[in-house]
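Trainee: When you get a sec, could you give me coordinates for this:
(chains A, B, C and D)
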Protein chains: 2
Amino acid sequence: MFSKKIPETTIRRLSAYFRQLSFLEKNGIVSISSSGLSQRLGFTDAQIRRDFSYFGQFGQSGIGYPVSELKKVMAKILGLDNKIWNVALVGVGNLGSALLAYKGFKEQGFFIKVAFDINPRKIGRSFRDIKIESLKKIPSLVKQKNISIGIIAVPSEAAQEVANILSHSGIKGIINFAPVRINVPSRIIVRHVDLSMELENISYFLATKRK
Amino acid sequence: MFSKKIPETTIRRLSAYFRQLSFLEKNGIVSISSSGLSQRLGFTDAQIRRDFSYFGQFGQSGIGYPVSELKKVMAKILGLDNKIWNVALVGVGNLGSALLAYKGFKEQGFFIKVAFDINPRKIGRSFRDIKIESLKKIPSLVKQKNISIGIIAVPSEAAQEVANILSHSGIKGIINFAPVRINVPSRIIVRHVDLSMELENISYFLATKRK
DNA sequence: GCGTGTGAACTCATTCACAGCT
DNA sequence: AGCTGTGAATGAGTTCACACGC
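Mentor: As a prediction, the model looks like this:
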């Protein structure tokens, strides 16, 4: 879109901006300064101005940023502007079930359209209006339902195999909840969410009492 | 422990090292080179050597790193060496229930000892052997059960209040699953896990077709 | 006066490249 | 020959600080 080359770190802050701007808009705030956002988000004001500058010039000197306009811009950048992303979930265990029920996804335009599991007793059943299908049906259903993002919520041992199947089915992005690295073709975007890692991270800081 | 000053990024890779070394040890591999780890983990070999060097010199020229020894060192650094961390969960909704059932935590020595919810119908019930308590009991039970880490899995609106209660109860670390920033005294370590953010991140890359 | 947008300075992290050990 | 450990070089990301606009 804008060809400056945007730092990874900026991209990871985009969601926070978008959410905060939505909140401000809902509360009738029409304009916010970088230092106002700074307080609310915990990033420095300079960083916020820098981040926004990658995408254009939206601010008004002496006033700040127009909330609604900036929110729309953020939505567009994030690909959330009146777009719907179809999502497939693989692995309907504890975590998978929680993800199926999670309302936050729909709100942002992410719809889990199918769920897959290897357990024959689960296949055919429905959970939260989503029918659970056999892993064998991944390729056909991903295409048929125009799924672009896959969520892997299976045990570590199965994660790579599931990633392979998803890759071959034409998926474009994967969120992997299994605590192992998965190898996929580089055209596919992978994000890794590791719950134990976060706990270990905290335990590191608690164990080594450094300020 | 070692006073070099360790980069944040290195710390975030520690869990991955620990897990991989556990895996290697289980499979009878006694020694591994930085390039061997590089292949398995997707970090560069130079980066791995640099990371390890912050904690001392474990490698053997011409051979690599001794798996078991290095694993022990990582465990110690991460605070996982025969230590047990007691954890409290606040919010037993879909996500909270999944976290209660998640086996990965126990394996790493993190034990969810209590769960709290605001819903009177849930209070008093047990889920996975954990009794669900009223939020009012947080201060007393956190102390009594020697809890050091709290997990916030409540709706956004309630997150800050829960964070306040946890802070005042003497908790030392918090994992926050609510998609809002929480303010706590700086002595408390906070990690934020935002599921929608990860999806939005993927959608950004899919929306803006850049290589 | 207030607040943006951005060069320039700086800090943090990664990668290079190689001397030195086994 | 193979691989570590680390100075030095490079690159990425953040912060400073200030000219300019409202």
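Trainee: which stretches of chain A have low pLDDT?
Mentor: Residue ranges of chain A with pLDDT under 70: A:1-4, A:209-211.
Trainee: please redo it, this time with the cut-off set to 80
Mentor: Counting by pLDDT under 80, chain A contains low-confidence ranges at A:1-4, A:82, A:209-211.
Trainee: Show me which residues of it sit near DNA strand D.
Mentor: Counting by Cβ under 7 Å from any atom of the strand, the residues of chain A close to DNA strand D are A:7-10, A:43-44, A:46-47, A:49-50, A:60-63. Every residue, glycine included, has its C-beta placed from N, CA and C.
Trainee: Just the buried ones from these?
Mentor: Among these, those classed as buried by 16 or more other Cβ atoms under 10 Å in any protein chain shown are A:10, A:43, A:47, A:49.
Trainee: now residue A:5, what's its secondary structure?
Mentor: coil (DSSP: H, G, I helix; E, B strand; the rest coil).
Trainee: Near it, how many other residues are there?
Mentor: Neighbour count for residue A:5, taken as other Cβ atoms under 10 Å in any protein chain shown: 7.
Trainee: Relative to DNA strand C, how far out is it?
Mentor: Applying Cβ to the nearest atom of the strand, to the nearest Å, one obtains 14 Å for the distance of residue A:5 from DNA strand C.
Trainee: can you check residue A:173 too?
Mentor: Counting by Cβ to the nearest atom of the strand, the gap from residue A:173 to DNA strand C is 22 Å.
Trainee: again, but for residue A:201
Mentor: 13 Å.
Trainee: Can you list phi and psi of residue A:115 for me?
Mentor: phi -130, psi 150 (degrees, to the nearest 10).
Trainee: Among the residues of chain A next to DNA strand D, which lie within helices?
Mentor: Among the residues of chain A next to DNA strand D, DSSP state H puts A:8, A:9, A:10, A:46, A:47, A:49, A:50 in helices.
Trainee: residues near the residue of chain A at minimum distance from DNA strand C, how many?
Mentor: Residue nearest to DNA strand C within chain A (Cβ to the nearest atom of the strand): residue A:59, separated by 2.5 Å. Residues lying near residue A:59 (other Cβ under 10 Å) number 19.
Trainee: ranges for the helices of chain A?
Mentor: Assigned by DSSP H, the helices in chain A fall at A:8-26, A:34-41, A:45-53, A:67-78, A:94-101, A:103-107, A:138-144, A:156-168, A:195-207.
Trainee: possible to save those as TSV with distance to residue B:113?
Mentor: As requested, those are exported to TSV (distance: least, Cβ to Cβ, whole Å):
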stretch	distance to residue B:113
helix A:8-26	32
helix A:34-41	33
helix A:45-53	38
helix A:67-78	38
helix A:94-101	19
helix A:103-107	27
helix A:138-144	39
helix A:156-168	25
helix A:195-207	14
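Trainee: Quick check: closest non-adjacent residue to residue A:12.
Mentor: residue B:201 (6.5 Å; Cβ to Cβ, 6 or more residues apart in numbering or on different chains).
Trainee: OK, contacts around the one you found?
Mentor: A:11, A:12, A:14, A:15, A:191 (Cβ atoms under 8 Å, 6 or more residues apart in numbering or on different chains).
Trainee: Now do the fourth one: how many residues are near it, please.
Mentor: By that I understand residue A:15. Here the count is done by other Cβ under 10 Å, and residue A:15 has 23 residues near it.
Trainee: And the residue with the largest distance to the centre of chain A, how far from residue A:33?
Mentor: Distance from the centre of chain A peaks at residue A:62, with 34.2 Å (Cα atoms, centre = their mean). Residue A:62 sits 9 Å away from residue A:33 when distances are taken as Cβ to Cβ, to the nearest Å.
Trainee: Identify the farthest-apart pair in the residues of chain A next to DNA strand D.
Mentor: Spatial extent of these (Cβ to Cβ) is set by the pair A:8 and A:62 at 32.1 Å.
Trainee: Next one: the closest residue to residue A:168 other than its chain neighbours relative to residue A:169, how far apart?
Mentor: Nearest residue to residue A:168, sequence neighbours excluded (Cβ to Cβ, 6+ apart): residue A:139, at 6.6 Å. Residue A:139 sits 4 Å away from residue A:169, going by Cβ to Cβ.
Trainee: Ok, residue A:94 next?
Mentor: Distance from residue A:94 to residue A:169, by Cβ to Cβ: 25 Å.
Trainee: that older thread, tell me the contacts of the residue of chain A closest to DNA strand C?
Mentor: By Cβ under 8 Å, 6+ apart, the residues touching residue A:59 are A:34, A:49, A:52, A:65.
Trainee: which one of those has the most neighbours?
Mentor: Of these, with other Cβ under 10 Å as the count, residue A:65 tops at 24 neighbours.
Trainee: what residues are up against that residue?
Mentor: Contacts of residue A:65 (Cβ under 8 Å, 6+ apart): A:31, A:32, A:33, A:34, A:37, A:52, A:58, A:59.
Trainee: Quick check: bridge partners of the second one?
Mentor: When assigned by DSSP bridges, residue A:32 has beta-bridge partners residue A:65.
Trainee: how many neighbours does it have?
Mentor: Around residue A:32 there are 23 other residues, counting by other Cβ under 10 Å.
Trainee: per-domain residue ranges of chain A.
Mentor: The record's domain parsing of chain A by automatic domain parsing lists A:8-76, A:85-197.
Trainee: So which of the ones you listed is the most surrounded?
Mentor: Burial of these is given as mean neighbour count (mean count of other Cβ atoms under 10 Å in any protein chain shown); domain A:85-197 ranks first at a mean of 18.
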